[in-house]
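1. Kindly generate the corresponding structure for this input.
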Amino acid sequence: MKKNLIVGAALVLLFMASAPCRAWNLEGQWVASQMGARLEAVIEQAGNEISGVAYLHNPSGKVDTYHFKGVIQGNKVKAGHYSGHTFSGQILDENNLKGVVRTKKGYKVSVLAKRHQ
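-> Numbering: from 1, shown residues only. Just a heads-up that it's a prediction; the model follows:
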């Protein structure tokens, strides 16, 4: 359950969108921590569409991999994994995203992701 929540949160952060008057570039590596786990996401972007891979490093050392696709609309981002996990969030600035990951079972996890420098 924790794994699904963290994965979802990561996906959501990775797919956050930009403000209507500004074209945000989310490409690159993003990181977040939640419930003792570390999420790393690598995002690729083509126009307002995003895709990528999220790696969930849980406290026991196991790493789960999730491929996702999404869209940026203004400063909002929506993304999802084929299993049903989704992310909805917003771009705070060029280095920070916040949002909520929802697992396929309906659990919600708030996420704050930062661009990895």
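2. okay, and the helix or strand of this protein with the least pLDDT?
-> In the chain, no helix or strand scores lower on mean pLDDT, DSSP states H and E than helix 2-14, which sits at a mean of 59.
3. Parallel or antiparallel, which strands does the helix or strand following that helix pair with?
-> Once helix 2-14 ends, the next helix or strand along the chain (criterion: DSSP states H and E) is strand 28-34. Here strand 28-34 is paired, per DSSP bridges, with strand 37-46 (antiparallel), strand 108-115 (antiparallel).
4. Reformat those strands as JSON lines; add mean pLDDT and mean neighbour count.
-> Placement of C-beta: from N, CA and C, glycine included. Formatted as JSON lines, the strands paired with strand 28-34 follow (pLDDT from 0 to 100; neighbours: other Cβ atoms under 10 Å):
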{"stretch": "strand 37-46", "mean pLDDT": "94", "mean neighbour count": "19"}
{"stretch": "strand 108-115", "mean pLDDT": "94", "mean neighbour count": "19"}
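5. okay, these in TSV with distance to residue 67 next?
-> Below are the strands paired with strand 28-34 laid out as TSV (distance: least, Cβ to Cβ, whole Å):
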stretch	distance to residue 67
strand 37-46	10
strand 108-115	17
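6. Tell me which of those sits nearest to residue 71.
-> strand 37-46 (10.3 Å; Cβ to Cβ).
7. starting at the chain centroid, how far to the closest one?
-> 6 Å (Cα atoms, centre = their mean, to the nearest Å).
8. Can you mark which positions in whichever helix or strand comes after it are buried?
-> Next along the chain after strand 37-46, taking DSSP H and E as the criterion, comes strand 49-57. By neighbour count on 16 or more other Cβ atoms under 10 Å, the buried set for strand 49-57 is 50-52, 54-57.
9. Specify the angle between whichever helix or strand comes after strand 49-57 and strand 37-46 in degrees.
-> With elements assigned by DSSP H and E, the helix or strand that comes after strand 49-57 is strand 63-73. In terms of direction (axes from the mean of the first three to the mean of the last three Cα atoms, to 10 degrees), strand 63-73 departs from strand 37-46 by 40 degrees.
10. any idea which helix or strand comes after strand 63-73?
-> According to DSSP H and E, the helix or strand after strand 63-73 is strand 76-80.
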